[in-house]
Structures are given as C-alpha cells and as structure tokens.
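Student: I need the structure of the sequence given here:
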Amino acid sequence: MAGYLGALSDNIRVNADKCIFCGKCVDTCVLDNLRLKLAPCRQACPMEVNVQGYVRLILRGEEDKARELIREKLPFPEMVCLVCHHPCEAVCERGKTDAPVNIRGLKRYLFDCESGRSVSLPSRAPDSGKSIAIVGSGPAGLVAAYDLARQGHSVVVHEMNGLAGGQLAKGIPAFRLPEETVRRELSVLPHLGVEFAFHSRIGEDKTLTDLEQEHDAVILAAGLGQGRRLHTRGEELVGVQNGTDFLAAARAGSAPELPGNVIVIGGGNVAIDTALSALRQGASRVAVAALEQPAELPAFAQEVRQAQEEGVEFLCGWGPVRLNETAGRVTGLVLRRCLRVFDDQGRFAPVFDENVTQTLNADHVLISIGQMREPGVLNGSGLRLEDLASVDSLTKQWGSRKLFVAGDFLTGPGSVIGAMASGRAAAESAHRLVNGQHLRYGRNYPGPVETDFRVNTDRGADVPRQESPNHVCEGKGDYAVVEGSLKPEQARMEAGRCRSCGSVYGKYRSCCFCLPCEVECPEQALRVEIPYLLR
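Tutor: Numbers count the residues shown, from 1 in each chain. All right, here's what the predicted structure looks like:
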C-alpha cells in the first residue's frame with residue numbers, strides 16, 4: 001500500500017500525501033486510540049492555525065482549500081500574513097538542516113493570488129439574546145468581536161478614534177500593511193452584526209462599570225495608546241516628536257517632511273518602523289540609537305535587516321543624556337555608553353559609563369522607547385492598573401466581575417498574532433459566562449494530540465528556500481508594500497521543502513474496526529485494515 005504509513009502491528013494506515021492533518025479522525029475515534037502528532041509549526045502558532053495542512057494543500061495545487069483551512073482559525077489572514085512575526089518558522093524542523101520553510105511567504109502567496117480579492121462571509125449562529133461590549137478595536141478586540149458575533153451575540157465595540165483597527169489602522173506603516181487591506185478584511189464585521197461606537201472614550205463618556213450594567217459581559221482590549229516619554233532635558237524642543245504620534249500621522253498622510261539628519265531613540269519594532277517612515281518623509285540620513293547591543297535588540301530580526309538594507313544606521317549600546325538646541329529647536333543629541341540594560345534578575349536597570357559620550361547632529365529626533373497603557377480607561381471603575389496582576393491567566397477574567405482583559409493592555413507590548421490569541425481566549429470566557437458555563441472546564445486539555453515525538457526527516461525536497469521578493473524604498477513618498485509575493489512555481493517548490501512533521505497513528509492499537517475515522521476523513525487519507533472475514 002504505497003504512500004500509507006503505520007506500524008506493522010497497527011491496522012491504521014494514513015496516506016501521508018493525502019492527509020491534511022485536520023484531526024477529524026482523531027476526534028471521532030470512540031476508543032481513544034488515534035493520536036495526532038502535532039507539527040512544531042502548528043504548536044508555535046498562537047492562533048493554532050493548521051500550518052502543515054495548508055502547506056500540503058499548496059503543494060497539491062489546492063489553493064482554495066488551503067485558504068479555507070486557514071480561515072477556520074484565522075479571521076483576518078490577509079492582514080496577518082503581512083504583519084505576523086512567524087513564530088512557526090523559528091521551530092520549523094527544516095531549519096535544523098538548512099533554512100526553515102518560508103511559511104509566512106506561503107500564506108502571503110495564498111492571499112495575494114486570491115482571485116477577486118473579496119472576503120468570504122462566515123456563518124453566524126442564531127441570535128442569543130446576549131449583549132457584549134468590547135473596549136478597543138485593535139487585534140485583540142477585533143478577533144473577540146468576530147468570534148462572539150459568529151456565536152450569535154450582540155457585539156458593540158467602543159473605539160476612541162474614528163476608525164476601526166487600533167494599531168493595525170494607525171500604528172503599522174502603509175508599507176507593511178496597506179489601508180485597503182485593513183478596510184477589506186474588517187468589512188466582514190458589520191455583516192456579522194458587529195456595531196462600532198467611534199469616538200467613544202471609556203473612562204470619560206462612560207465607565208467600565210456602566211458597560212457592565214448595560215451588557216452581559218465586557219472585554220477590555222484597549223491596547224497601548226500612549227508613547228513613553230524620555231523625561232530628558234530638551235524633549236519639548238521643536239523637531240522632537242514621539243514616534244507613536246509620528247507613525248499615526250504618517251499613516252494618515254499628515255506627517256511633516258523630515259529633511260536632514262533624523263535620530264530615532266529606541267530599539268523595538270516601533271523604533272524600526274519610525275526610522276523607515278522617516279526615510280519616506282524625506283530624511284537624508286537616519287540613525288537608530290538603542291541601549292541594547294545588536295544581538296539584544298527587541299525588534300524582530302527581519303525588520304532590523306530591512307532597515308539596514310534601506311540604509312538606516314544603528315548606534316547600539318548608547319543611551320540619551322540630553323538634547324542640544326539653538327533658539328528652541330533641536331540641533332543634536334548627546335549619548336552615553338550603556339554597559340548593561342538589565343540586572344541579574346532580568347529587570348530593566350541600565351548601567352552607563354558617564355565618561356564615554358558622543359554628540360550627534362540632528363535636525364529631528366523621534367522618541368520610540370515603548371508604549372504604555374492609558375490609565376484613564378479605568379476611571380470610575382474602582383480598578384487600578386497595578387491590579388492587572390490579578391487577572392486570571394487562563395480565563396482573562398478580572399476578579400469576580402463580568403469583565404475580561406485581553407491584548408497588550410493585559411500583557412504589555414507584544415505581537416499582533418499574540419494579541420489576537422488573547423482576544424480569542426477572552427471571547428471564549430465571555431461566551432461561557434453569558435451561557436452560564438464553567439469558565440475553566442476543559443480549557444487546559446490539549447486534546448488527543450502529542451507534542452513530543454521524533455520527526456521523520458526523510459520527507460522534504462532538497463532545494464533552497466524560496467524568498468519572497470522585497471521592495472526597497474526608492475526615496476521620499478515611497479510607501480509601496482515592502483513584502484512581495486512568491487510566484488506559483490516558487491510556492492510549490494517551497495511547500496515541497498516541508499518535512500511534514502505531524503502524522504496520525506493508532507497509539508494503543510486497540511481499534512475495533514468501527515470505521516468512523518475512515519468514513520469521516522475529508523481527504524480519504526485514512527484506511528482501517530480489517531481482517532478479510534470482517535470487512
């Protein structure tokens with residue numbers, strides 16, 4: 001039986017070329033015999049996307065089915081394929097021998113080659129009669145709204161700005177995530193019945209307590225709306241801006257031109273995006289000054305590489321002392337050598353050598369040293385920011401209230417995909433609460449899967465990794481999307497590199513030939529070998 005896998009003493013046979021590792025056979029096994037070995041890439045995905053499955057479908061040329069498989073777990077895949085930091089690639093088995101599979105590039109290919117560019121409308125359960133309020137329309141709030149609306153609940157999203165998306169709409173530059181992509185993907189929410197209350201400032205217009213009284217549950221997903229200040233002399237000078245505000249202005253098309261030398265203070269992803277946006281606003285030279293050494297930069301490595309390719313300079317291991325001025329305008333920045341950023345307990349506690357300094361000329365200084373919560377959202381609620389430590393890590397419930405917290409507001413700065421997963425967890429809890437269900441029951445159970453197993457490395461074509469084409473900024477005003485798309489032949493070749501780590505097998509060899517696993521398999525990939533007289 002060519003193509004089928006299984007131990008000689010196991011009567012379960014799975015065709016490794018047909019299987020898309022959906023796990024339906026495992027879920028239908030009445031004797032709890034079958035197990036799904038969960039591929040490392042799938043384990044690493046915060047949204048539990050079946051990476052191995054859609055890569056296999058691309059290899060087979062079944063792009064439509066691959067997109068459907070992704071949408072089972074990922075409400076906004078077109079946005080995610082552009083901004084996800086792809087933790088799946090970090091654990092890809094192929095990376096142990098040459099280079100990981102270009103998983104994000106394959107997802108980008110799927111949604112870039114999608115004909116018509118329309119968004120498919122998901123199904124919605126009948127009205128539940130329950131109402132849920134969400135504060136914030138960033139990644140966490142959007143996924144929570146999507147999941148709850150699909151479950152039939154009435155959802156109102158309170159957004160302090162005039163458009164939905166949070167940092168997706170105002171904080172991520174257009175060269176990473178075009179405005180039309182955000183608008184197209186979010187258009188599904190009104191079709192699901194989600195309402196948006198724009199220019200709604202919770203803590204001023206209404207309190208969280210008011211929302212709890214008006215709704216059956218509330219999810220707080222307000223994100224990190226404020227850029228941190230340096231609290232350094234000269235921060236109020238003309239020519240000094242907060243990086244978060246600058247990115248929002250650039251996204252809206254209202255950012256000022258930045259001729260001359262620009263220095264960006266900070267080493268995270270916001271700082272990198274700020275530096276790249278400064279180039280697109282006309283800067284002749286951009287330098288990033290960061291406390292961390294190159295290997296310690298908190299920004300994603302691929303974004304640092306992009307900045308270097310576009311000519312951004314990095315001054316690593318330096319911290320600001322003061323800003324120099326002439327007639328109220330910034331003219332330079334004094335830096336001192338940073339010897340250590342964190343103490344032995346891993347806490348932020350930089351140590352400087354005050355005797356080693358340098359002065360840089362600067363026409364503009366952009367401060368991008370991180371973001372923080374807006375404490376005003378808690379006004380009138382009886383809650384304090386320091387009480388966030390009491391939020392349940394599994395259910396996201398804040399104390400005994402019908403209030404759940406999700407996204408960066410809960411965790412601090414993180415990734416888009418991580419915030420989405422947090423929003424989904426909060427939505428699951430809110431759904432259970434309004435239906436009178438236990439908030440914790442069964443949620444720690446991973447299912448009939450195995451996560452620690454020996455990978456068969458025989459599969460996977462011996463070809464080089466196919467890289468997505470990148471657009472390098474050509475100067476002022478060039479906000480063209482940086483990341484291009486693989487061509488179909490490249491995508492097939494790249495999908496063929498996959499080791500296909502996961503598999504289904506009969507762990508206990510206790511099959512009683514009842515056959516639901518074989519019957520329910522959507523790919524006809526599984527066969528139960530039954531003695532002749534029984535079959």
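Student: C-alpha only now, for contacts and for neighbours.
Tutor: Fine.
Student: worst-scoring helix or strand of the chain, pLDDT-wise?
Tutor: None of the helices or strands of the chain scores lower by mean pLDDT, DSSP states H and E than strand 4-5, at a mean of 52.
Student: which neighbouring elements make contact with the helix or strand following it?
Tutor: For strand 4-5, the following helix or strand on the C-terminal side (DSSP states H and E) is strand 12-15. Secondary-structure packing of strand 12-15 (3 or more C-alpha pairs under 8 Å, 6 or more residues apart in numbering; DSSP states H and E): strand 4-5, strand 503-506, strand 526-528.
Student: show me the shaky parts of the chain.
Tutor: Low-confidence segments of the chain (pLDDT under 70): 1-9, 115-119, 532-535.
Student: ok, which stretches of the stretch 351-500 of the chain are strands?
Tutor: Under the criterion DSSP state E, counting those that start in this stretch, the stretch 351-500 of the chain contains strands at 364-367, 371-372, 403-405, 449-450.
Student: can you lay out those strands as CSV showing distance to Arg13?
Tutor: Formatted as CSV, the strands of the stretch 351-500 of the chain follow (distance: least, C-alpha to C-alpha, whole Å):
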stretch, distance to Arg13
strand 364-367, 59
strand 371-372, 52
strand 403-405, 45
strand 449-450, 17
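Student: which among the ones you listed is found nearest to Glu236?
Tutor: strand 364-367 (10.9 Å; C-alpha to C-alpha).
Student: centroid residue for the protein?
Tutor: Centroid-nearest residue in the chain: Ile417, 1.8 Å away (criterion: C-alpha atoms, centre = their mean).
Student: ok, that residue - contacts?
Tutor: 46-47, 80, 84-85, 139 (C-alpha atoms under 8 Å, 6 or more residues apart in numbering).
Student: please redo it, this time with the cut-off set to 7 Å
Tutor: 46, 84 (C-alpha atoms under 7 Å, 6 or more residues apart in numbering).
Student: next: Asp147.
Tutor: Taking C-alpha under 7 Å, 6+ apart, we find Asp147 in contact with Ala427.
Student: for it, grab phi and psi.
Tutor: phi -60, psi -40 (degrees, to the nearest 10).
Student: check contacts around Met34.
Tutor: Not quite, residue 34 is Leu, not Met. By C-alpha under 7 Å, 6+ apart, Leu34 lies in contact with 26, 504-507.
Student: so what's it closest to, chain neighbours aside?
Tutor: Leaving aside its chain neighbours, Leu34 sits nearest to Gly506 (4.5 Å; criterion: C-alpha to C-alpha, 6 or more residues apart in numbering).
Student: pull the longest helix from this protein.
Tutor: helix 416-434 (DSSP state H).
Student: can I get that one as CSV, trimmed to CA atoms?
Tutor: What follows is helix 416-434, C-alpha atoms only, in CSV (Å, rounded to 0.1, in the frame of the first residue of the first chain):
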residue,chain,number,x,y,z
VAL,A,416,-0.3,41.1,16.6
ILE,A,417,-0.9,37.4,16.5
GLY,A,418,-0.3,37.1,20.2
ALA,A,419,-2.9,39.8,20.9
MET,A,420,-5.4,38.1,18.6
ALA,A,421,-5.0,34.8,20.5
SER,A,422,-5.5,36.7,23.8
GLY,A,423,-8.7,38.2,22.3
ARG,A,424,-10.0,34.8,21.4
ALA,A,425,-9.4,33.5,24.9
ALA,A,426,-11.3,36.4,26.4
ALA,A,427,-14.1,35.9,23.9
GLU,A,428,-14.4,32.2,24.9
SER,A,429,-14.7,33.2,28.5
ALA,A,430,-17.3,35.8,27.8
HIS,A,431,-19.3,33.3,25.7
ARG,A,432,-19.2,30.8,28.6
LEU,A,433,-20.2,33.4,31.1
VAL,A,434,-23.3,34.6,29.3
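Student: show me what counts as buried in that helix.
Tutor: 416-431, 434 (16 or more other C-alpha atoms under 10 Å).
Student: cool, and stretch 462-472?
Tutor: Result for stretch 462-472 [16+ other C-alpha under 10 Å]: buried residues 465-468, 471-472.
Student: run the chain-centre distance for it.
Tutor: 22 Å (C-alpha atoms, centre = their mean, to the nearest Å).
Student: what of stretch 456-471?
Tutor: Its chain's C-alpha centre and that of stretch 456-471 lie 23 Å apart, by C-alpha atoms, centre = their mean.
Student: what of stretch 471-481?
Tutor: Between the centre of stretch 471-481 and the centre of its chain there are 24 Å (C-alpha atoms, centre = their mean).
Student: end to end on that stretch, go ahead and measure it.
Tutor: With C-alpha to C-alpha, to the nearest Å as the measure, stretch 471-481 spans 7 Å from end to end.
Student: list the contacts of that stretch.
Tutor: For stretch 471-481, the external contacting residues (C-alpha under 7 Å, 6+ apart) are 174-176, 279-282, 310, 482-483.
Student: try 10 Å this time
Tutor: For stretch 471-481, the surrounding residues in contact (C-alpha atoms under 10 Å, 6 or more residues apart in numbering) are 82, 173-178, 250-251, 257-259, 276-284, 306-307, 309-311, 470, 482-484.
Student: make a PyMOL selection of the buried ones in those.
Tutor: Filtering the contacts of stretch 471-481 down to the buried ones (16+ other C-alpha under 10 Å) takes a single PyMOL command:
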select buried, resi 82+173+174+175+176+177+178+250+251+258+259+276+277+278+279+280+281+282+283+284+306+307+310+311+482+483+484
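Student: how about Cys517, nearest residue that isn't a chain neighbour?
Tutor: Cys25 (4.2 Å).
Student: cool, Leu378 as well?
Tutor: Of all residues not flanking Leu378 in the chain, Gly203 sits nearest, at 5.7 Å (C-alpha to C-alpha, 6+ apart).
Student: again with Asn456
Tutor: Going by C-alpha to C-alpha, 6+ apart, Asn456 has Cys501 as its nearest residue, at 6.5 Å.
Student: of the contacts of Leu34, closest to Val91?
Tutor: Val504 (20.2 Å).
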